[in-house]
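**Q** Below: sequence and its predicted model.
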Amino acid sequence: MIGEPVIKRLMLSRYLFELALQNANSQQETADAACIHLLQDAIEVFFLAAFDHLDITVLGRTDFPQYLDKLTEKLNYELPFRRRLLEINRVRVHSKHEGIPPNRKEVNGYVTDARRFLEQVCEKVFGVDFWTISLIELLDEGEQKTLLRE
């Protein structure tokens, strides 16, 4: 069973992703930077949820590639879109720390690949759909839970 703190993190990850998507759709250079920052945050919060759920310990400061490595090791499964996630991280660093805007032509691809990563890995780690997970998961199986899901 997925615990409440994990579900809340997954819901936050989804919300951050949705904000990133809104920024990508605005077609503005400043919004492109916000999109990349939000995508990165969504992915990192997702990793924190997965680590909590799988009881993966993170000591001290962890770099983004280490998140990928730790989850890959625990699952014994090569995470999809690794190269692309590392690219999103690199673009965020350039944007945040050096003021270099993301390439507009790449932003939609980053969003698409981040979405696919979140969907595939959520199913693999949690056995649930990234887009529908909610606190309803905490209820016991029965008519009420079924009605709420519908």
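**A** Perfect, thanks for sending it. Keep in mind the model is a prediction, meaning the values are calculated, not measured.

**Q** Mind listing what's buried along the lengthiest helix in the chain?
**A** Looking across the chain with DSSP state H, the single longest helix is helix 29-54. Residues 31-51, 53 are the ones in helix 29-54 that count as buried (16 or more other CB atoms under 10 Å). Yep, even glycine has a C-beta here, placed from its N, CA and C like the rest.

**Q** show me where pLDDT drops low in the protein?
**A** 136-140, 143-150 (pLDDT under 70).

**Q** Mind telling me what element R115 is part of?
**A** Using DSSP states H and E, R115 maps to helix 104-126.

**Q** ok, the residue with the shortest distance to the centre of the chain - contacts?
**A** Nearest to the geometric centre of the chain sits I43, at 2.9 Å (CA atoms, centre = their mean). By CB atoms under 8 Å, 6 or more residues apart in numbering, I43 lies in contact with S13, L85, I88, A114, F117, L118.

**Q** One more: G3?
**A** Shown in contact with G3 (CB under 8 Å, 6+ apart): D52, H53.

**Q** and what of Q22?
**A** Listed by CB under 8 Å, 6+ apart, Q22 has no contact partners.

**Q** That one: which element?
**A** Residue-wise, Q22 maps onto helix 4-25 under DSSP H and E.

**Q** Ok, I88 next?
**A** helix 82-98.

**Q** For that helix, which outside residues touch it?
**A** Here helix 82-98 makes contact (CB under 8 Å, 6+ apart) with 33, 36-37, 39-40, 43, 64-65, 68, 72, 79, 100-103, 106, 109-110, 113-114, 117.

**Q** related to what we said a few turns ago, pull out the buried positions in the helix holding Q22.
**A** With burial defined by 16+ other CB under 10 Å, the residues of helix 4-25 counted as buried are 6-7, 9-14, 16-17, 19-21, 23-24.

**Q** Helix or strand: which one has the residue lying closest to E29 once chain neighbours are set aside?
**A** Once flanking residues are discounted, E29 sits nearest to P101: 5.2 Å by CB to CB, 6 or more residues apart in numbering. Here P101 is covered by no helix or strand, with elements defined by DSSP H and E.

**Q** if I pick P101, what's in contact with it?
**A** Counted by CB under 8 Å, 6+ apart, P101 has contacts E29, T30, D32, A33, S95.

**Q** my read: Y67 touches F47, true?
**A** Yes: assessed by CB atoms under 8 Å, Y67 is found in contact with F47 at 4.3 Å.
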